[in-house]
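Engineer: Dropping a prediction and its sequence here:
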Amino acid sequence: MLNKQSRNTPGIPVAINEKQSVAKQPITISTSKNDKSNDNIRASKETGKIVSSSLSSNNNDTLPQNTIQNISPKQPKEIFFQKNNENNCLCNLINHIEQKVVVKKREDKLLEKDSPYYYENPIILEDFYEEKKGIELVDSCNPTDISLILNDLLEKLNYSRIEDINEIDKLEKLKDNHVLFMYIYHSEIGDNYNISAGKINQKWYLFDGKKKDPEKFDKKDELIKYLKDNYEIDTIDVWEKKNQVVV
């Protein structure tokens with residue numbers, strides 16, 4: 001998946017994107033004076049408020065066999081969103097859809113256990129990549145590296161692949177339990193990067209990590225129109241979560 005080539009950039013995968021959110025001025029809440037790693041952890045509330053979550057260290061780096069059972073079927077009221085930095089793009093792609101920190105880099109700390117986005121035993125991205133590919137992960141924001149491991153991560157998290165499409169109009173048959181991972185060839189805010197989208201709390205969300213907040217849509221048609229108007233998309237990968245209850 002996400003392994004189709006873009007027009008000018010060979011070997012670049014596909015990602016996903018969303019609609020416009022109605023965020024007001026961001027409000028940042030810091031619960032740790034020395035921990036800078038939580039600066040980018042954000043949750044976008046339906047009211048438009050922004051909050052940040054404190055992180056804590058944890059040595060549990062082993063993923064249990066039935067990892068999906070650890071995720072509550074109910075979503076928190078606030079939408080988890082984290083802006084991309086130079087090394088968290090792949091984690092964000094999946095964590096935004098899961099609304100939990102289910103994948104993290106080695107150096108990242110876990111959220112506090114009372115956070116609605118906490119996940120007890122997240123996948124350690126570098127370890128998982130080396131186990132599957134036999135080589136070290138160089139750049140988790142490189143679309144080629146993302147394309148090499150994203151399928152494996154999604155299958156590990158109990159997703160099944162539906163199809164790859166290259167025409168936005170084909171999204172008309174998108175179902176409520178489908179999620180999208182797309183490679184963006186061009187947009188006004190950047191080129192050659194990945195985004196994701198899915199339905200959460202009866203709304204469609206587009207997670208573009210280059211933006212401050214996710215885009216929210218009441219209807220699927222609104223999401224599709226936004227994609228048409230704002231992105232040149234190379235390929236769209238459609239997946240679904242097995243036994244998922246859409247809330």
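Structural biologist: Arrived safely.
Engineer: so where's this protein uncertain?
Structural biologist: 1-77, 243-247 (pLDDT under 70).
Engineer: Longest helix in it, please.
Structural biologist: If you go by DSSP state H, the chain has its longest helix at helix 143-156.
Engineer: Can you list the buried residues in that helix?
Structural biologist: 143-154, 156 (16 or more other C-beta atoms under 10 Å). Every C-beta, even on glycine, is put in place using the N, C-alpha and C of the backbone.
Engineer: Equivalent analysis for stretch 226-239, please.
Structural biologist: Within stretch 226-239, the residues scored as buried using 16+ other C-beta under 10 Å are 226-227, 230-231, 233-239.
Engineer: related to what we said a few turns ago, which other helices and strands contact the longest helix of the chain?
Structural biologist: helix 89-98, helix 125-133, strand 178-187, strand 190-200 (3 or more C-beta pairs under 8 Å, 6 or more residues apart in numbering; DSSP states H and E).
Engineer: relative orientation of the following helix or strand past that helix and helix 89-98 in degrees?
Structural biologist: Downstream of helix 143-156, the first helix or strand assigned by DSSP states H and E is strand 159-165. Interaxial angle, strand 159-165 versus helix 89-98 (axes from the mean of the first three to the mean of the last three C-alpha atoms, to 10 degrees): 110 degrees.
Engineer: got the contact list for strand 159-165?
Structural biologist: Outside strand 159-165, the residues that touch it by C-beta atoms under 8 Å, 6 or more residues apart in numbering are 1, 4, 14, 151, 154, 171, 178-179, 235-242.
Engineer: re earlier: closest to Ser187 out of the buried residues of helix 143-156?
Structural biologist: Nearest to Ser187 among those, counting by C-beta to C-beta, is Pro143 at 13.7 Å.
Engineer: isn't the closest one right next to Ile184, touching?
Structural biologist: No - taking contacts as C-beta atoms under 8 Å, Pro143 lies outside contact range of Ile184: 9.1 Å.
Engineer: Give me the neighbour count for the residue nearest to Asn230 when sequence neighbours are not counted.
Structural biologist: Closest residue in space to Asn230, ignoring its immediate chain neighbours: Ser187 at 6.0 Å, by C-beta to C-beta, 6 or more residues apart in numbering. By other C-beta atoms under 10 Å, 18 other residues sit near Ser187.
Engineer: what residues are up against Ser187?
Structural biologist: Applying C-beta under 8 Å, 6+ apart, the residues contacting Ser187 are 17, 208, 210, 230-232.
Engineer: could you dump these to JSON lines with secondary structure?
Structural biologist: What follows is the contacts of Ser187, written out as JSON lines (DSSP: H, G, I helix; E, B strand; the rest coil):
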{"residue": "Asn17", "secondary structure": "coil"}
{"residue": "Asp208", "secondary structure": "coil"}
{"residue": "Lys210", "secondary structure": "coil"}
{"residue": "Asn230", "secondary structure": "helix"}
{"residue": "Tyr231", "secondary structure": "strand"}
{"residue": "Glu232", "secondary structure": "strand"}
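Engineer: So of those residues, which two are at opposite extremes in space?
Structural biologist: Lys210 and Glu232 (14.4 Å).
Engineer: about what we covered before: go through the contacts of Ser187 and name the one nearest Lys100.
Structural biologist: Of the contacts of Ser187, the one sitting nearest to Lys100 (C-beta to C-beta) turns out to be Asp208, at 19.4 Å.
Engineer: Count the residues that sit near the spatially closest residue to Cys89 that is not a sequence neighbour.
Structural biologist: The shortest distance from Cys89 to any non-neighbouring residue, by C-beta to C-beta, 6+ apart, is to Cys141 (3.8 Å). The number of residues packed around Cys141, counting by other C-beta under 10 Å, is 18.
Engineer: Done for today, thanks.
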